[in-house]
Every structure is written in structure tokens, then in C-alpha cells.
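>>> Task: produce atomic coordinates for the following.
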Amino acid sequence: MPDETLELWTDRERVRLRFVSEPPNIYLLASEPTATWPAAVLRAGRATLIQSGERTDGSASLVSDSIVRERVLRRFRDGAGAARADRWFGAPGPLIAIRPEAASARGDSYGRWVQAEFDSAAPEYAARLDRNPVERRFRIRSLEVLQGEFPRPGRLVELGGGSGAETIPMLRAGHRVVVIDVSRAMLNELEKNAARDSLGDALAARELRARDVGTLVREFGAGSFDGGFSTFGAMNLEPDLAPVVDGLGYLLRPGARFVAGVFNRRALVEPAAAALSGHPGRAIARRRRPSPVGSHRFSTDVYLRSIGEVRAAFATRFQLRAVFGLGLILPPPNLAAKLERWGVRWDRLDQWDRRVASRPPFVELADQFLAVFERSGRSE
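Here you go, the predicted structure:
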């Protein structure tokens with residue numbers, strides 16, 4: 001019952017937590033936005049619990065199933081009572097399932113964490129983007145770059161398509177797009193959106209991480225793609241870009257373009273805002289590799305990268321042709337809601353951002369950048 005407690009051990013702290021037990025799982029609920037323990041156990045994919053004086057090790061995973069989450073949250077509320085539930089849990093945060101004495105889940109705990117986060121976000125992802133005035137403008141500018149680089153219909157590969165903010169417009173333009181995404185729930189949303197617009201025949205969706213893009217060679221053949229793109233996140237969710245670049249090198253024909261959208265490790269505005277608001281540690285933590293939850297606006301650890309780092313990663317198979325910056329005058333999307341209350345003129349800021357953010361040396365400090373690469377003509 002949630003009025004009982006157990007102790008969770010991480011490598012940095014020991015936390016007393018209320019829990020719900022539904023064998024074989026124990027569910028733990030984060031209520032404080034600043035709590036560090038959820039990231040610690042999800043990063044490791046393991047947890048150590050002390051309950052009634054006995055130690056138990058178990059596997060840890062984020063609960064992304066909305067039905068399970070609502071059922072467990074109801075048990076927390078029912079067990080605590082309305083008043084105590086409000087006091088203890090506030091607006092409920094991540095719900096984590098611990099399976100005691102389970103064999104450690106083999107493979108990639110970080111990948112499972114990312115997958116679960118995006119599975120959870122999938123139903124509301126498109127609406128959240130549409131509501132954010134900065135996100136909308138960034139997406140418009142991203143599409144302008146994509147349409148400029150791919151003016152004629154062809155076969156494109158997209159890494160991390162989400163629910164289709166760029167995919168659907170590119171399908172409408174006549175392209176055939178093969179999309180990979182770590183989240184099956186996101187791909188379901190994408191396929192539903194494409195079917196609604198009668199675009200499903202031009203779309204192929206595969207549940208893969210960006211690092212596994214090279215496996216598409218077995219299905220589609222080497223050099224079978226006329227270009228590719230990945231915007232707003234997928235390139236920052238991979239610890240190592242080498243497998244991504246190698247896979248793209250096999251898939252894209254010589255001369256094909258790839259547009260890599262990357263959140264910038266050297267971004268100026270968001271770290272400055274963190275420092276000015278009394279959180280200098282958050283600004284400094286963005287330079288860590290990976291940058292942990294709490295130092296940026298994402299819900300997982302991320303691998304922020306500078307333009308120079310991305311250029312170097314692609315240099316084995318691609319040549320850099322152009323870089324476009326997003327977000328030097330425009331604020332990061334997570335600050336948009338606060339600024340909107342002040343009556344900010346977004347179109348005016350967007351005009352200035354377009355003028356300034358892509359110019360050297362300012363582009364090095366933009367919140368995000370779109371790097372356009374060209375596949376070299378080297379033989380394999």
C-alpha cells in the first residue's frame with residue numbers, strides 16, 4: 001500500500017519511497033520534478049530496494065502503458081486518500097516498475113528508456129508541437145530546408161520520424177519515405193496520419209533505433225536512397241554516431257544529401273536562462289556526456305553535440321555543404337509558454353532569428369542546427 005515505504009538505493013543517494021505492489025512488480029512514483037532517482041534507475045535499467053530490512057535487486061523500466069499507469073495511480077490515490085495523495089504526489093511524474101529478483105534485462109537499458117518515454121508521449125506529441133509557437137516556427141524552417149534540398153520526388157530515409165511533422169509534408173510532395181523510429185507507438189501515430197491523407201502507399205515504417213539504420217540495406221539495397229533526414233532529436237539520442245553514419249553511407253547513393261538536425265552542445269540561450277534563474281549547475285551540466293535529465297528540456301539523458309563534432313562524425317562518408325541555425329533570437333521551445341504571457345511578437349523574433357542564427361559565428365551558438373551533408377563518391 002502507498003502508506004508503506006521502502007528504500008531505493010542508487011549510486012548517489014538512498015530514498016524513502018511509497019509504493020504499490022502488484023506481483024511480480026513493485027511500482028514507484030516520482031512526485032518531485034527535481035527528483036534524480038528516476039533517471040538513475042532508468043539509466044542503469046536496474047534498482048536495489050530495501051524492504052522490511054531485506055535487500056532485493058531487480059530490473060527497472062518506465063511504465064508507458066496508459067492503462068497500467070492509470071490503474072496504478074488510482075491505487076496510489078485510493079490507498080493514500082485524496083488529501084494525502086495531493087500532498088504526497090502532486091502532479092504525478094514518471095511511474096517506474098521494478099521487478100524484484102528478475103534477471104537483468106540484457107542489452108540496452110538506455111534504449112528501452114528512450115523507447116518508453118516516446119511511447120508515453122506519442123498520443124499527445126503532435127498536439128504539443130502545434131501548441132508551441134517556437135516549435136511551429138522551427139518546423140516550418142526545417143521543412144523549408146528539406147524542400148530546398150529535395151525538390152524532386154525520390155526515395156528518402158528518415159531517422160526518428162515521430163508522428164510525422166516532417167514526414168507527412170514530404171509524402172505530400174511526392175516522395176517515398178522509409179521512416180525508422182525507436183517508438184512503435186510513434187510509428188502507429190505516423191501510419192494513422194498518413195492513412196488519413198491517403199499517403200500510406202508511399203510510407204514504410206520500421207521500428208529501429210537510428211544506430212540500426214544500416215539494417216535497411218538487406219531490405220532495400222545499397223545506394224537505393226536519394227537522400228535522407230533526421231530532425232529534432234534522434235541524432236541526440238545516440239551515444240555514438242559512427243553506426244548511424246556508416247549505415248547512411250551504405251544506404252544513400254553518391255551525391256545524395258542528408259539533413260541532420262541536432263540540438264547544440266554550445267547553445268547560448270537555454271544555459272544562460274538556467275544560470276540567470278539561479279540554476280548554474282544545470283547550465284554547466286549541458287556539457288556533460290551524456291547531459292543528464294534536469295540539465296535540458298528532455299525526459300531522458302541526451303548527447304548534445306556541436307557543429308564541429310557532427311562534422312567530424314560524418315567526415316568519413318559525407319561532406320558538409322551548409323549549416324542553418326535555429327534559436328538564437330527565438331527562445332528554446334520550453335521557454336515559450338512563459339514568454340507568451342508577456343505578449344511576445346513571435347513573427348518579429350522569427351524574422352530576426354532567420355537573419356542572425358545561421359550566420360557565422362552566431363550559428364555556433366544556436367539552440368539547434370540543421371547540417372546538410374552530401375554523400376561522397378567513394379567506392380565501398
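>>> now the stretch 51-200 of the chain, which segments are flagged as low pLDDT?
For the stretch 51-200 of the chain, residues meeting the criterion pLDDT under 70 lie at 80-82, 84-90, 102-107.
>>> now the helices: where do they sit in the stretch 251-380 of the chain?
When secondary structure is read from DSSP state H, counting those that start in this stretch, the stretch 251-380 of the chain shows helices at 269-276, 280-285, 307-314, 336-340, 346-356.
>>> hang on, I meant the stretch 1-150 of the chain
37-44, 66-80, 82-89, 109-131, 133-149.
>>> highest average neighbour count across these?
With neighbours defined as mean count of other C-beta atoms under 10 Å, the helices of the stretch 1-150 of the chain peak in mean count at helix 37-44, which reaches a mean of 22. For every residue, glycine as well, the C-beta is placed using N, CA and C.
>>> Contacts for that one next, please.
Contact with helix 37-44 is made by 8, 10-13, 15, 17, 30, 47, 60-62, 93-94, 96, 98, 109-110, 113, 292-294, 300-301, as judged by C-beta atoms under 8 Å, 6 or more residues apart in numbering.
>>> cool, stretch 300-315 as well?
Taking contacts as C-beta under 8 Å, 6+ apart, the residues outside stretch 300-315 that touch it are 39, 42-43, 110, 113-114, 117, 235-239, 241-242, 245, 258, 260, 262-267, 286-287, 289-293, 296, 320, 323, 363-364, 369, 371, 373.
>>> Work out the gap between it and the centre of the chain.
15 Å (C-alpha atoms, centre = their mean, to the nearest Å).
>>> for stretch 19-37, same thing?
Relative to its chain's centre, stretch 19-37 lies at 22 Å (C-alpha atoms, centre = their mean).
>>> And stretch 231-239, by the same measure?
Stretch 231-239 has its average C-alpha position 6 Å from the chain's average C-alpha position, going by C-alpha atoms, centre = their mean.
>>> then that stretch to CSV, C-alphas only?
The C-alpha coordinates for stretch 231-239 follow below in CSV (Å, rounded to 0.1, in the frame of the first residue of the first chain):
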residue,chain,number,x,y,z
THR,A,231,15.4,16.4,-37.3
PHE,A,232,14.7,17.4,-33.7
GLY,A,233,16.1,14.7,-31.6
ALA,A,234,17.1,11.3,-33.0
MET,A,235,20.7,12.4,-33.6
ASN,A,236,21.0,13.4,-30.0
LEU,A,237,19.7,10.1,-28.7
GLU,A,238,22.6,8.1,-29.9
PRO,A,239,25.8,7.8,-27.8
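>>> Show me which residues of that stretch are buried.
Along stretch 231-239, these residues count as buried under the neighbour rule (16 or more other C-beta atoms under 10 Å): T231, F232, G233, A234, M235, N236, L237, E238.
>>> and the residue nearest in space to the middle of the chain, what is it in contact with?
Most central residue of the chain, judged by C-alpha distance to the mean C-alpha position with C-alpha atoms, centre = their mean, is G233 at 4.7 Å. Neighbouring residues of G233 by C-beta under 8 Å, 6+ apart: G160, G162, G261, F263, F298.
>>> go on, V356?
Under the criterion of C-beta under 8 Å, 6+ apart, the neighbours of V356 are L328, I329, F362.
>>> Closest one to P24 out of the contacts of G233, please.
Top of the list for closeness to P24, among these and by C-beta to C-beta, is F298 at 30.3 Å.
>>> what are the phi and psi angles of that closest one?
Dihedral angles phi and psi of F298 (degrees, to the nearest 10) take the values phi -90, psi 170.
>>> Tell me how far it lies from W113.
With distances defined as C-beta to C-beta, to the nearest Å, the gap from F298 to W113 amounts to 11 Å.
>>> Packing partners of the strand ranked longest in the chain?
In the chain, taking DSSP state E as the definition, the longest strand is strand 252-263. When contacts are defined as 3 or more C-beta pairs under 8 Å, 6 or more residues apart in numbering; DSSP states H and E, strand 252-263 packs onto helix 133-149, strand 225-230, helix 307-314, strand 368-375.
>>> Turn these into JSON lines, columns for distance to G214.
Shown next, in JSON lines, are the helices and strands packed on strand 252-263 (distance: least, C-beta to C-beta, whole Å):
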{"stretch": "helix 133-149", "distance to G214": "22"}
{"stretch": "strand 225-230", "distance to G214": "12"}
{"stretch": "helix 307-314", "distance to G214": "15"}
{"stretch": "strand 368-375", "distance to G214": "14"}
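>>> R77 is nearest to which of the ones you listed?
Among the helices and strands packed on strand 252-263, if distance is taken as C-beta to C-beta, the winner is helix 133-149, at 32.5 Å.
>>> any idea of the angle whichever helix or strand comes after that closest one forms with strand 225-230?
Towards the C-terminus, the helix or strand next in line after helix 133-149, according to DSSP states H and E, is strand 155-159. Our comparison of strand 155-159 with strand 225-230, counting by axes from the mean of the first three to the mean of the last three C-alpha atoms, to 10 degrees, yields an angle of 20 degrees.
>>> check contacts around V245.
Under the criterion of C-beta under 8 Å, 6+ apart, the contact list for V245 reads A313, F314, T316, R317, F318.
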